[in-house]
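1. Sequence first, predicted model second:
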Amino acid sequence: MANGKTDYYDILGVAKSASSEEIKKAYRKQALEWHPDRHQDNKEAAEKRFKEINEAYQVLVDVQKRRNYDQFGHAAFTPGGGGFSRGEGSRGGQSGPFTYTYSTGGGQQNPFGNMDFGDPFEIFEQFFGGSFNRSARLPRYSITIDFMEAVKGVEKQVEMEGKKRSIKIPAGIDEGQRINFEDFILSVNIHPHAVFQRDGTDVYINIDIPYSLATLGGDIKVPSIENEIKIKIKGGTKSGTMMRLKGMGIKHLRSFGKGDEYVRLNVVTPTHLTRDQKRLIEQLQREGL
């Protein structure tokens, strides 16, 4: 393909003349084979492949999308920009019936066992419960929001199919999660934050501290998702020490409580010393410190 993406037919391993049933059968086989839970030793590569399989299926199983793809290739699904776009072809195929964000608790076993399904969507109906077939037919969209909007929740005014409407995104939504509205499904993408890193409901932050503070101890202020917090540094703290701030993380999306904040302390070794500072360090060196 001109834009460097792999051909959808090649991803599923089917001919361009393949029937809808052949595409479903190939998709089911590929999705089960490449589910990340089955590739704990190389999960990143499996997730990438899994997304490609979902993206290919979502296009080829739909008559109109497949016709557009056959005529224009991947260019048929180039996003229109503006941060809010129709789901097909966006974010690497998150709109297929499978999504790796669903987990059964890890482990090396295939989460679907030896079950066989006539329709790929039945996997979610029988394994996870619910009526996934109905929701799979709803229009799909995606929206990109800021990190703090995801943390605290936000109401957005968007234009959809030429109509303006207001949508509420709950606090605690995570990257790639979907919200089922009455007449459409929304996938949420999140801009990374300059300071905080997120892992589920936990947040991580790196803080540099001077050598003297690490040696003698003292108090410092660190940012949290709400405000600054004063924490106490113990004397003799080593570089890389992780401090846990319980309950200072992100709200659980479907339950009470919050995650934690983890502060990683990096001890900064001085590189440009004044004459007096160098003399003090030399004195410490003589004393075996």
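-> Arrived safely.
2. show me the residues around the residue positioned nearest the centre of the chain that make contact.
-> Nearest to the geometric centre of the chain sits residue 175, at 3.8 Å (C-alpha atoms, centre = their mean). Residue 175 is in contact with 150, 188-190, 198, counting by C-beta atoms under 8 Å, 6 or more residues apart in numbering. (C-beta placed from N, C-alpha, C; glycine too.)
3. again with residue 197
-> Residues counted as contacts of residue 197 (C-beta under 8 Å, 6+ apart) are 203-205.
4. how near is it to residue 249?
-> According to C-beta to C-beta, to the nearest Å, residue 197 and residue 249 sit 11 Å apart.
5. who touches both of the two?
-> In contact with both residue 197 and residue 249: residue 203, using C-beta under 8 Å, 6+ apart.
6. Give the next helix or strand downstream of the strand or helix carrying residue 214.
-> Following DSSP states H and E, one finds residue 214 within helix 211-216. Heading C-terminal from helix 211-216, the first helix or strand you meet, by DSSP H and E, is strand 218-223.
7. Report the inter-axis angle for the following helix or strand past that following strand versus strand 218-223.
-> Note on strand 218-223: by DSSP H and E, the next helix or strand toward the C-terminus is strand 228-233. Orientation check (axes from the mean of the first three to the mean of the last three C-alpha atoms, to 10 degrees): strand 228-233 against strand 218-223 gives 150 degrees.
8. Just list what strand 228-233 packs against, helices and strands only.
-> Other elements packing on strand 228-233 under the criterion 3 or more C-beta pairs under 8 Å, 6 or more residues apart in numbering; DSSP states H and E are strand 218-223, strand 241-245.
9. follow-up on the earlier one: in CSV: the contacts of residue 175, plus distance to residue 220, secondary structure and pLDDT.
-> Shown next, in CSV, are the contacts of residue 175 (distance: C-beta to C-beta, whole Å; DSSP: H, G, I helix; E, B strand; the rest coil; pLDDT from 0 to 100):
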residue, distance to residue 220, secondary structure, pLDDT
150, 27, helix, 94
188, 34, strand, 90
189, 34, strand, 90
190, 28, strand, 91
198, 22, strand, 92
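10. would you turn these into a markdown table with neighbour count and distance to residue 66?
-> Formatted as a markdown table, the contacts of residue 175 follow (neighbours: other C-beta atoms under 10 Å; distance: C-beta to C-beta, whole Å):
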| residue | neighbour count | distance to residue 66 |
| --- | --- | --- |
| 150 | 24 | 34 |
| 188 | 21 | 27 |
| 189 | 17 | 25 |
| 190 | 20 | 31 |
| 198 | 20 | 36 |
